[in-house]
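Chemist: everything below, folded, please.
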Amino acid sequence: MALNRWTQGAALAALLAAAPAFADDSTVTIGMILPMTGPSASTGKQERAGAELYLKEHGDTVAGKKIVLSIKDDTGAADVTKRLAQELVANDHAAVLMGFGLTPLALAAAPIATEAKVPEIVTAAATAMITEKSPYVVRTSFTLPQASAPMADWALKNGVKKVVTIVTDYGPGVDAEKWFGETFEKGGGTISQKIRVPLKNPDFAPFLQRMADDKPDAVFVFVPSGFGSIFMKQFVERGLDKSGIKLIGTGDVTDDDLLGDIGDSALGAVTAHHYSAAHDSPENKAFVAAFEKANNGMRPNFMAVAAYDGMALVYKALEKTKGDASGDALLGAMKGMSWTSPRGPVSIDPETRDIVQNIYVRKVEKKDGALWNVEFATIPDVKDPYKASKH
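Modeler: Residues are numbered from 1 along each chain as shown. Coordinates of the predicted model:
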């Protein structure tokens, strides 16, 4: 086994050594690895549309370099992601890797980014520790602690004293459970149950019954993007929407892309997140209109805006380096970068390479016959609390 690992490592090193220097290359390839099929396909669809919209709006040339977007389907598998990352760097000479719909996939690519010295821009996966796995990882999505801790603060200030937490049992869910729970308990609240549901083939029904028997003031929920409709359907089937139990969580559960499918059962759900398609700014109104026009009326969600901003980060970094697309030059330019996103003001923390952004508290409301996550409170310039707690 040890020999096999050594052989794989040597093969990887040889493969990556074949990748040329980028300084004289007139093309900058962005290798985008996304779940285009499988249960997380909605993430891939949104991310692809966000990246392609940025390319369409800003052109395919920046700082004298032609931008090529090469999109690959990871099928939701870590081994496929790793192979694709290797091929993109060694064969396609990708200067940037981008995407990564789930945490295990972002982690699978991290050694490639390190070995090849190629920035890995995470535009989806939200487990806090991902940026610690390679000095070349930069994130434009969010971390679960960023959204979960503010949700706990809001609950404490609004009469919620007893909560059951239900999370999907993988990295982001564990982060959400920990940061909501610890913040809530520190403020005097009680977590009466901590329930974890499998990532594969999730069935919330038995867990929801356990929660109902407990009669909490609220249920705090985290599910990955695309899974919210399953949870909400089962929540309503058990009559919990009429039980007086508040539904609170991170914005994944009331994903803008799925609100129409979820229907009126989502009304009144309160979530904390970094983006809503209803965000009231000129930049976002223009973004939503352009996105819907380019995608047959599809509403952008937080995955779309993260990919749009991932592209913005690459363009702005290339402008700053005057076209130098070598990994260390790009990475140096990305650290500390700030700009105005459709979600509001954002920047890249130069220490952690995580995004700093506003977190909004939102409530699902109906406007003009459609459901929206309507923001009613803003927590400005939120850094990832996990990293902040370590420094």
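
Chemist: tell me the mean pLDDT for the helix or strand residue 313 falls within?
Modeler: Assigned by DSSP states H and E, residue 313 falls within helix 302-321. For helix 302-321, mean pLDDT rounds to 98.

Chemist: would you mark the buried spots in that helix?
Modeler: Neighbour-count burial for helix 302-321, counted by 16 or more other Cβ atoms under 10 Å, picks out 302-318, 320-321. Every C-beta, even on glycine, is put in place using the N, C-alpha and C of the backbone.

Chemist: pull the distance from stretch 360-377 to the chain's centre.
Modeler: 20 Å (Cα atoms, centre = their mean, to the nearest Å).

Chemist: I should have written stretch 327-337 there, sorry.
Modeler: Distance, centroid of stretch 327-337 to centroid of chain: 21 Å (Cα atoms, centre = their mean).

Chemist: buried residues in that stretch?
Modeler: Neighbour-count burial for stretch 327-337 [16+ other Cβ under 10 Å]: 327, 329, 330, 331, 333, 334, 337.

Chemist: what residues does that stretch touch?
Modeler: Among residues not part of stretch 327-337, those counted as contacts by Cβ atoms under 8 Å, 6 or more residues apart in numbering are 22, 95-96, 116-119, 135-136, 138, 313-314, 316-318, 320-321, 324, 347-350, 353.

Chemist: ok, 10 Å please
Modeler: By Cβ atoms under 10 Å, 6 or more residues apart in numbering, the residues outside stretch 327-337 that reach it are 22-23, 28, 95-96, 113-114, 116-121, 135-138, 140, 312-314, 316-324, 326, 346-353, 355.

Chemist: would you show me how to pick out the buried ones of those residues in PyMOL?
Modeler: Those of those that count as buried under 16+ other Cβ under 10 Å are selected in PyMOL with:
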select buried, resi 22+28+95+96+113+114+116+117+118+119+120+121+136+137+138+140+312+313+314+316+317+318+320+321+323+324+326+346+347+348+349+352+353+355
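
Chemist: show me the contacts of stretch 327-337 that map onto helices.
Modeler: Residues of the contacts of stretch 327-337 located in helices (DSSP state H): 113, 114, 116, 312, 313, 314, 316, 317, 318, 319, 320, 321.

Chemist: next one: the fourth one from residue 341, what distance?
Modeler: Just to be clear, that refers to residue 312. 7 Å (Cβ to Cβ, to the nearest Å).

Chemist: can you list residues touching both of those two?
Modeler: Taking Cβ under 10 Å, 6+ apart as the contact rule, residue 312 and residue 341 both touch residue 140.

Chemist: I am finished for the moment; much appreciated.
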